[in-house]
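Peer 1: I'll drop the sequence and a predicted model, then ask my questions.
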Amino acid sequence: MLEQPDRLRSLVEAGIALTSELSLDAVLQKIVETAAELTGARYAALGVIDRTGRELERFVHTGLPAEVVERIGPTPRGRGILGVLISEARPLRLHDLMRDRRAVGFPANHPPMHTFLGVPVVLRGVAYGNLYLTEKADGDDFTEEDEELVLLLASQAAVAIENARLYHANARWVRQLESMNELGNAIASELEQSKLLSLVAAQLVDLLEARLVLVLLPTPDGQMEIAAAADHVSAAELVGSRFPREESKVGRVLVRQRPARVDALADDPEVNHEFIRRVAQLTGLPVPTSGLFVPLVAGGREVGVIVAHDKLRADSNDLSFGDADLRLAELFAERAAVAVDLSARVAQDALRRVVTAQELERRRLARELHDETGQALTSILLGLRTVEEAPGEEARHDAFERLRDLIVQTLHGVRRLAVELRPRALDDFGLVPALERLTSSFAEQTGIQVEFEPQLGAERLPGEVETALYRLVQEALTNVVKHAGAGSVSILLTEAHGTVKAVIEDDGRGFAVGRSDDSGIGLVGMRERMALLGGTLAVESLPGQGTTLVAEVIAR
């Protein structure tokens, strides 16, 4: 047992530790361990009284080995001496617990306990439980000093237990706020609208403890479409469902840009009851009886509506939402609206960039068709006339041979343009065969040595990834011809952990990375193409030292 100064120091330290601990289990365990240490008791326990005030709802102990606890069986509920302390709520010291006539209900495998000290845990007249200490060291009786110390500990314990209970009573709201903050960070980084809306619905169905959450967006033809849905089973069947905007509660909430809480959907004339029944039919859920309707508004612009149906409560048949639920949904909707609006803007910007790139590509191809193919066809027509007007057989034969060479060159040019538009090998056989053909043709036409080393698995990559990597290599080879003055190029494709890396190196003249005319060698377009797939492009180059492009993109 501790000496007096040490006991007081230990009591103060225990009080500080208890008041800073918010886990109820940890609080209770700390109390019994501290009580045993302060008094020199071999065994200590704390019984927490239930809300009826008649028995124990929780029993925490220390000193008993695990195998003994298992043999004893169920924890005490508050009979015998424990029941006396519950009913009388005052300290009790006994020389021999086993001889007290009130000590009944000991299980068969319970170890013998003689000296006993019981102290109530009370705060502002409310009994939270009792502390039980038995078997003081050396067989001594518990003293009055022991009782005073344990009473002080019990008063600290009562405050700690109340704090922990209050914390756990509000844990749902704490969890909601934490989850909303986490979700805010997540939706700020998720730019794909379908994933974003699914995330919104899934998080909100838990935060509101709702049976069903829908996210609806307006369509250009005056409908409202379910873009995401979440419940505690599966609401996937609802996605894509539409109904007229003008004949619904959702549409009116969106126009007013004000939330609405409906405790009884059956009594609200604005509710589209046919659609409500359809929701129940598609999900297999009961027909919704209550709802929250919260508009998604960003910068005064109508984005959509979040709808939650039926609050789930374990202890009530009332499925209506409260004011706190509405406030939470509003806070959540503010963040979600900004994120959805940002997602739409990013998608529009990406589409605009794609269209711009396509137009530039069309202009280049049109120019080549006009300048090269058009001129070649004109030359063929002139060549035919030369064949017709040749003065003799030998002259006619020479003109014919020149015309045949011109036709072959034109045919090669047309095939090259077709490959640039969309190589057939890419669709039919995949990325590696398409690049093998591209590099072989490139080496043959330019005289530049190309080393192509693919290290990909047997399974084909997703179509958009294959297209992006093919275009990247194609553009890089074009740059080698136009700008690099290189004698050789190496291309390495590898795949690891679902990520494909393309490394393209040339031994050309290089350039200063970051110069103002980078756009002239297509780096902006390459980076944008990778960024659209969540990939990256790094460029390493110095004047006179060649250029290395390193592209990485997630492929699985």
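Peer 2: The structure has been received and is ready for your questions. Computed from a prediction, not measured in an experiment: that's the story for all the values here. Numbering: from 1, shown residues only.
Peer 1: tell me the contacts of G53?
Peer 2: G53 sits next to I86, A127 when contact means Cβ atoms under 8 Å, 6 or more residues apart in numbering. For the C-beta atoms, the positions are set from N, CA and C on the backbone; glycine is no exception.
Peer 1: check the one 3 residues further on too.
Peer 2: Residues counted as contacts of L56 (Cβ under 8 Å, 6+ apart) are G47, V48, I49, D50, T75, P76, R77, G78, L82, I86, G129.
Peer 1: just the closest of these to L123, please.
Peer 2: G129 (10.7 Å; Cβ to Cβ).
Peer 1: tell me the bridge partners for that closest one.
Peer 2: V48, V121 (DSSP bridges).
Peer 1: wait, it touches L46, no?
Peer 2: Yes: using Cβ atoms under 8 Å, G129 is in contact with L46, at 5.8 Å.
Peer 1: okay, and the common contacts of those two?
Peer 2: The contact lists of G129 and L46 share V121, where a contact means Cβ under 8 Å, 6+ apart.
Peer 1: so S541 makes contact with F511?
Peer 2: Yes: contact criterion Cβ under 8 Å: S541 and F511 qualify, at 5.4 Å.
Peer 1: so where's the stretch 251-400 of the chain uncertain?
Peer 2: 313-317, 343-378, 381, 383, 387-388 (pLDDT under 70).
Peer 1: all strands of it, in order?
Peer 2: 260-262, 291-298, 301-311 (DSSP state E, counting those that start in this stretch).
Peer 1: quick one: the helices in the stretch 101-250 of the chain?
Peer 2: 144-169, 171-189, 193-207, 249-256 (DSSP state H, counting those that start in this stretch).
Peer 1: looking at the contacts of L56, spot the one nearest A339.
Peer 2: So of the contacts of L56, ranked by how close each gets to A339 (Cβ to Cβ), first place is V48, at 44.0 Å.
Peer 1: name the helix or strand for V465, please.
Peer 2: V465 belongs to helix 463-479 when assigned by DSSP states H and E.
Peer 1: show me what that helix is packed against.
Peer 2: Applying 3 or more Cβ pairs under 8 Å, 6 or more residues apart in numbering; DSSP states H and E, one finds that helix 463-479 makes contact with helix 424-428, helix 431-446, strand 488-496, strand 499-506, helix 523-532, strand 547-554.
Peer 1: CA atoms only for the third one, dumped as PDB, please.
Peer 2: In other words, strand 488-496. Extracted C-alpha coordinates of strand 488-496, given in PDB (Å, rounded to 0.1, in the frame of the first residue of the first chain):
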ATOM      1  CA  SER A 488      18.000   7.500 -82.200                       C
ATOM      2  CA  VAL A 489      15.000   7.100 -79.900                       C
ATOM      3  CA  SER A 490      14.200   4.600 -77.200                       C
ATOM      4  CA  ILE A 491      10.700   3.900 -75.900                       C
ATOM      5  CA  LEU A 492      10.100   1.800 -72.800                       C
ATOM      6  CA  LEU A 493       6.700   0.800 -71.500                       C
ATOM      7  CA  THR A 494       6.400  -0.800 -68.000                       C
ATOM      8  CA  GLU A 495       3.500  -1.700 -65.700                       C
ATOM      9  CA  ALA A 496       3.600  -2.100 -61.900                       C
END
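Peer 1: pLDDT at E552, what is it?
Peer 2: Looking at E552, its pLDDT stands at 91.
Peer 1: repeat for L204
Peer 2: We have a pLDDT of 85 for L204.
Peer 1: can you check V473 too?
Peer 2: For V473, the model assigns a pLDDT of 90.
Peer 1: hmm, I491 and it touching each other?
Peer 2: Yes: the pair V473 and I491 passes the contact test of Cβ under 8 Å, sitting 6.1 Å apart.
Peer 1: looking at those two now, which is surrounded by more residues?
Peer 2: V473 (24 against 21; other Cβ atoms under 10 Å).
Peer 1: where are the low-confidence patches of the stretch 1-150 of the chain?
Peer 2: Ranges of the stretch 1-150 of the chain meeting pLDDT under 70: 1-23, 51-52, 105.
Peer 1: before we move on, back to that, wait, which of the strands of the stretch 251-400 of the chain is closest to E330?
Peer 2: strand 291-298 (5.9 Å).
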